[in-house]
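> Predicted coordinates and the sequence they were generated for:
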Amino acid sequence: MCSGPPAAPVGPSWPSWHEGRRVRAVSRRASEPWPKGVESVTADILQADDVRNACRDAAVVYHAANVPYSHWQHVLPAMTESVIAGASADAVLVVADNLYMYGPPSGPMTEVSPRRASGPKGQLRARLEEAFLAAHTSGRVGVAIGRGSDFYGPHANSAANMLVIQPALRGKTASWLGSLDEPHTLTYLPDFARGLVILGTNARAWGEVWHIPSGPPVTGRTFIAEVFEALGQPPRMRRLGRGMLTLAGLFNRQIREAREVLYQFEQPFVMDTSKFERTFGGSVTPLSEGVRQTIAALGSTR
């Protein structure tokens, strides 16, 4: 999303903050419900020619595509190279990223925290970071990387939505991974999208990694209580520990793959966003309002 030539988001749905800008949305399926006024094209992100065609004349390319855990090792490296090769050298490539490369933290995570992941997913994310930044350094394409923690919000395909908000809307018990009482940064998806837009439209951001402003860390217990309070119901919650995930993983590969990052919920997992805030400012949606908006959006689709 940018002023001037059309921006080409590559990945999932984007909010309609595009007034005054030409926006092109790219997806595998033509049926995605893009906002009015957004040009929609289909492309295979693993094909550099498809990406190059989708990104023609773009000033900013937003790369937010992902695949299930079980496909990460053989798909994400190819996807990374395809996007780098397909984006124009005249564009800036804004990459949506997570925090896996840091591994178990010893305190709040900053952009310069050591990359010390011991598992294959975290190590892969570190290698992808190196590939994107090397492409920037070599002049293949300008790059800015924006990182968020666990998402919640309308359209978020996330544990917070699937384990807490969606069950609560059905009158069921909410679940939380690891510990209910360790502080954990949650990123409201619309706040994250706004942060990525800022990275794409400010040259100061290019060539660097940025933690997108998120709300103060909360415990799982607090988040679940906030959801049920918004629904006018008493909270109902349970903890999913390693034993339960190991058993469930026998029948579900995605759950089995998720055990690698369970440490994120067993100890404080806090993302420091002060670098972004010092440079660009950073207001975030209060938790109560984010929960209310998410419930309204998910409830209307039931």
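Ah, there it is. Residues are numbered from 1 along each chain as shown.
> Can you measure across stretch 42-49, start residue to end residue?
End-to-end distance of stretch 42-49 (Cα to Cα, to the nearest Å): 12 Å.
> what residues does that stretch touch?
10, 26-30, 50-51, 53-54, 65, 75, 78-79, 81-83, 85-86 (Cβ atoms under 8 Å, 6 or more residues apart in numbering). In this view, the C-beta of every residue, glycine as well, is placed from N, C-alpha and C.
> what do you get for stretch 171-182?
159, 163-165, 167-168, 219-221, 223-224, 227-228, 233, 235-241, 245, 258, 262-269.
> Likewise for stretch 286-302?
Stretch 286-302 is contacted by residues 152-156, 161, 165-166, 169, 186, 188, 190-191, 215-216, 218, 223, 226-227, 230-231, 285 when judged by Cβ under 8 Å, 6+ apart.
> Kindly report the same for stretch 223-238.
Applying Cβ under 8 Å, 6+ apart, the contact partners of stretch 223-238 are 152, 160, 164-165, 168-169, 171-176, 180, 186, 218, 220-221, 287-288, 291-292, 295.
> can you rerun that using 10 Å?
The contact list for stretch 223-238, computed with Cβ atoms under 10 Å, 6 or more residues apart in numbering, reads 150, 152, 160, 163-165, 167-169, 171-176, 180, 184, 186, 218-222, 244, 287-296, 299.
> Now do the buried residues in stretch 114-126.
For stretch 114-126, a neighbour-count test (16 or more other Cβ atoms under 10 Å) marks 115, 117, 121-126 as buried.
> what is the mean pLDDT for it?
Taken as a whole, stretch 114-126 carries a mean pLDDT of 96.
> From start to finish, how long is that stretch in a straight line?
For stretch 114-126, the first and last residues are 10 Å from each other (Cα to Cα).
> go on, stretch 51-70?
Stretch 51-70: ends 23 Å apart by Cα to Cα.
> from the chain's centre, how far out does it sit?
Centroid separation for stretch 51-70 versus its chain: 14 Å, with Cα atoms, centre = their mean, to the nearest Å.
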